[in-house]
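Engineer: build me a model:
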Amino acid sequence: VLTDPVVPCGQILALHLSIPSVFFLRGLPCSFDLQATQCPDPPSYIPRTFTDNSDHMTFIQRVENLFLKSSESFLCNFAYLPFELLASDVLHRPVTMKELLSHGSIWLKRMDFVFEYPMPVMPNIVFIGGINCGKKK
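Structural biologist: Numbering: from 1, shown residues only. Sure, this is the predicted structure:
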């Protein structure tokens, strides 16, 4: 199943039918993509999205980054609760969002390190280009 994990209905279907899933995305809120694939994401080194922090942060910016990461996880758990309940009903067992997304076979990420900070990734994450993938003339 080729699906976008922002709305995990395709992944729920793939797990219900026991078929592999391929995720096509740019990024997930709250770094669910990094958590599900077990990529390192330390809040003291990687700036959070929508902050003006660079990769050279002061102590105060690192504390702000840690606070934002902890508030993101609370808000996203609340926002994705309906999908967790739907997955639990369909799969007949309790399922978390992280567990649901961790069964993705391949992650096709549209990222460009011109706009993002380089980060370590797992082997099942494939970068397929940036925001503007025009043909070379």
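Engineer: helix or strand for the spatially most central residue of the chain, which one?
Structural biologist: The geometric centre of the chain, computed from its C-alpha atoms, lies nearest to Asp33 (CA atoms, centre = their mean), at 2.1 Å. In this assignment (DSSP states H and E), Asp33 forms part of helix 32-36.
Engineer: which other helices and strands contact the helix or strand following that helix?
Structural biologist: Counting by DSSP H and E, the next helix or strand C-terminal to helix 32-36 is helix 59-79. If contacts are counted by 3 or more CB pairs under 8 Å, 6 or more residues apart in numbering; DSSP states H and E, helix 59-79 sits against no helix or strand. Any C-beta I mention is one placed from the backbone N, CA and C, and that applies to glycine too.
Engineer: which residues touch helix 59-79?
Structural biologist: Residues outside helix 59-79 that contact it (CB atoms under 8 Å, 6 or more residues apart in numbering) are 29-32, 43-44, 46-48, 51, 53, 57, 97.
Engineer: ok, 7 Å please
Structural biologist: Contacting residues not belonging to helix 59-79 are listed as Pro29, Cys30, Phe32, Pro43, Ser44, Pro47, Arg48, Thr51, Asn53, Met57 [CB atoms under 7 Å, 6 or more residues apart in numbering].
Engineer: please apply the same query to stretch 94-112.
Structural biologist: Contacts of stretch 94-112 (CB under 7 Å, 6+ apart): 5, 8, 11-12, 15, 20-26, 32-33, 35-37, 80, 83-84, 87-88, 124-131.
Engineer: give me the buried subset of the residues you listed.
Structural biologist: 5, 8, 11-12, 15, 21-23, 25, 32-33, 35-37, 80, 83-84, 87, 125 (16 or more other CB atoms under 10 Å).
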